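Build me a model:
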Amino acid sequence: MAPNPANSVGNGLPLGLTGATAATRYVGATASGAPLTGTFAVGDFSVDRTGTIFICTVAGTPGTWTEVQGIPGGAAGGVLDGTYPNPGLAAAVAGSGLTETADVLSVNVDNSTIEITTDTLNVKAGGIGTTQLASAGGGAAGPTGSATVAPVVTVDAKGRVTALSSATIAPTNAAGGDLAGNYPNPTLAPLQVASKTRYQACLSAQGIIAETSAIRLTRSTSQTMIDGTVYYVMVGLIAGDVVSGVGLIVEIAGVTMTLSKVGLYSTDGTRRAISADQGAAWATAGLYQPAFISPFTIVTTGGYYLAMVAKASVTLPVVLAGSTDANGANAPLGSGKGAFGIQTAQTDLPASATIDTTAGTTKLPIWLAAI
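Prediction:
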């Protein structure tokens with residue numbers, strides 16, 4: 001049986017129309033807004049005195065109410081003018097470079113700096129130059145850069161140019177050529193010998209960096225070594241030379257050798273390199289090439305002393321040497337150093353040498369070669 005329309009309205013029941021059978025009630029009006037007190041069911045609706053409709057979507061006290069959204073009306077405000085539902089753009093939004101006409105906001109361009117092409121705003125080719133940048137940077141044109149100066153552009157968080165300045169280019173890479181170290185403060189590299197003399201080329205071909213003299217090729221005499229006496233002979237060495245040992249010639253073998261060593265000294269007497277003990281190796285005649293325990297790289301070009309020492313319980317070896325120094329041929333000139341000398345009563349090559357270069361028949365230019 002169909003519901004009684006009169007009872008349905010009074011009880012908030014549906015009229016039974018197809019598709020609209022859920023319960024709903026008009027619960028009365030409010031002065032403004034949804035009801036704030038009372039208990040309501042889902043589907044209840046209210047109309048306030050401004051004409052706004054509210055529907056209860058969650059039952060409760062007072063429940064949850066939803067405003068029915070309709071087409072707005074009335075005067076527009078803010079950046080809009082006119083009335084709803086069709087307000088326009090307010091003229092107040094127009095400013096420098098912008099205009100508003102008939103609710104259309106337009107961008108004014110000067111066709112020299114910027115332009116609009118196919119509805120796209122573009123910076124024209126060549127439109128921003130030093131004049132525009134000077135204005136952006138505070139009124140002074142910034143540098144364009146050079147081989148020694150780089151321009152510096154300062155921008156803020158919004159990407160706007162706030163300053164133009166310059167910075168001197170200061171390289172930090174490694175120096176080359178005749179310079180060493182790193183830029184910007186390189187130093188002069190050690191002098192490099194570009195070419196060798198014929199004599200130097202001949203020595204290199206024989207595996208020799210430098211030798212006492214040509215004694216080896218034009219034999220003058222021999223030297224019978226004295227037990228515990230260190231013999232020093234000067235050779236010229238160039239920065240960058242790596243001396244790994246000493247060459248010497250034993251003409252008559254020693255007997256029962258107990259010590260045999262070679263070394264390298266600077267002219268102030270500081271020992272720069274030393275070999276291991278060769279033991280009884282010099283007990284046989286021949287050419288010897290004892291190696292240093294550690295090769296020494298020459299830092300400063302100049303004179304250096306090659307040194308040798310031997311001890312034996314029977315007989316010391318006889319080594320190749322030049323003529324005697326009875327007439328003082330070894331005497332240094334001016335403040336120079338003697339070309340050869342000795343140091344007696346030693347049990348090994350001393351860490352610091354005291355070299356006697358005065359004239360004497362025991363001081364001979366023994367042939368030694370830096371190798």
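
need the longest strand for this protein.
If you go by DSSP state E, the chain has its longest strand at strand 302-315.

so what strands line up beside it?
strand 230-237 (antiparallel), strand 255-266 (antiparallel) (DSSP bridges).

Can you give me the buried ones in that strand?
304-312, 315 (16 or more other Cβ atoms under 10 Å). Placement of C-beta: from N, CA and C, glycine included.

residue contacts, residue 294?
With contacts defined as Cβ atoms under 8 Å, 6 or more residues apart in numbering, residue 294 is in contact with residue 273.

List the buried residues for the stretch of helix or strand it belongs to?
Per DSSP states H and E, residue 294 falls inside strand 291-297. Buried positions in strand 291-297, judged by neighbour count with 16+ other Cβ under 10 Å: 292, 296.

what is the mean pLDDT for that strand?
For strand 291-297, the mean pLDDT works out to 97.

how big is the angle separating it from strand 302-315?
Per axes from the mean of the first three to the mean of the last three Cα atoms, to 10 degrees, the angle that strand 291-297 makes with strand 302-315 is 170 degrees.

Extract the CA atoms of strand 291-297 and return them as CSV.
The C-alpha trace of strand 291-297 is given here as CSV (Å, rounded to 0.1, in the frame of the first residue of the first chain):
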residue,chain,number,x,y,z
ALA,A,291,127.1,-0.4,-5.7
PHE,A,292,125.9,2.0,-3.1
ILE,A,293,123.4,0.7,-0.6
SER,A,294,121.1,3.5,-1.8
PRO,A,295,121.8,5.5,-5.0
PHE,A,296,122.2,9.2,-4.5
THR,A,297,120.6,11.9,-6.6
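
what distance separates it from the middle of the whole chain?
When C-alpha coordinates are averaged (Cα atoms, centre = their mean, to the nearest Å), strand 291-297 and its chain have centres 35 Å apart.

what do you get for stretch 167-181?
The answer for stretch 167-181 is 14 Å, by Cα atoms, centre = their mean.

buried stuff in it?
Neighbour-count burial for stretch 167-181 flags residue 175 (criterion: 16+ other Cβ under 10 Å).

Start and end of that stretch, how far apart?
Chord length of stretch 167-181, first to last residue, is 23 Å (Cα to Cα, to the nearest Å).

can you check stretch 22-31 too?
Span of stretch 22-31 from end to end, Cα to Cα: 27 Å.

buried sites along that stretch?
24-25, 27, 30.

picking up where we left off before, would you mind finding the most buried of the strands paired with strand 302-315?
Counting by mean count of other Cβ atoms under 10 Å, strand 230-237 has the highest mean neighbour count of these, with a mean of 24.

tell me the mean pLDDT over that strand?
90.

same thing with stretch 61-76?
On average, stretch 61-76 scores 83.

cool, stretch 154-170 as well?
pLDDT averaged over stretch 154-170 gives 78.

these two touch, right, residue 275 and residue 291?
Yes. The pair residue 275 / residue 291 is scored as a contact, 6.2 Å apart, by Cβ atoms under 8 Å.

who touches both of those two?
residue 245.

Make CSV from the strands paired with strand 302-315 and add distance to residue 320 to it.
Listed next are the strands paired with strand 302-315 as CSV, based on distance: least, Cβ to Cβ, whole Å:
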stretch, distance to residue 320
strand 230-237, 11
strand 255-266, 14
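
For residue 38, which of those is the nearest?
Of all those, strand 255-266 sits nearest to residue 38, with 111.4 Å by Cβ to Cβ.

Can you name the secondary structure element that comes next after that closest one?
By DSSP H and E, the next helix or strand past strand 255-266 is strand 271-274.

Report the strands that pair with the next helix or strand along the chain from that next one, each with its relative direction.
As assigned by DSSP H and E, the chain's next helix or strand after strand 271-274 is strand 286-288. Paired strands of strand 286-288, with direction, are strand 242-252 (antiparallel) (DSSP bridges).

And the strand it pairs with, what's buried?
243-250.

Which single one of those is nearest to residue 52?
residue 244 (104.5 Å).

low-confidence ranges in the stretch 251-371 of the chain?
By pLDDT under 70, the low-scoring segments of the stretch 251-371 of the chain are 323-333, 359-362.

how does this structure divide into domains?
Using automatic domain parsing, the domain parsing of the chain gives 23-66, 198-327+337-370.

count of neighbours near residue 155?
11 (other Cβ atoms under 10 Å).

Relative to residue 308, how far out is it?
Distance, residue 155 to residue 308, using Cβ to Cβ, to the nearest Å: 74 Å.
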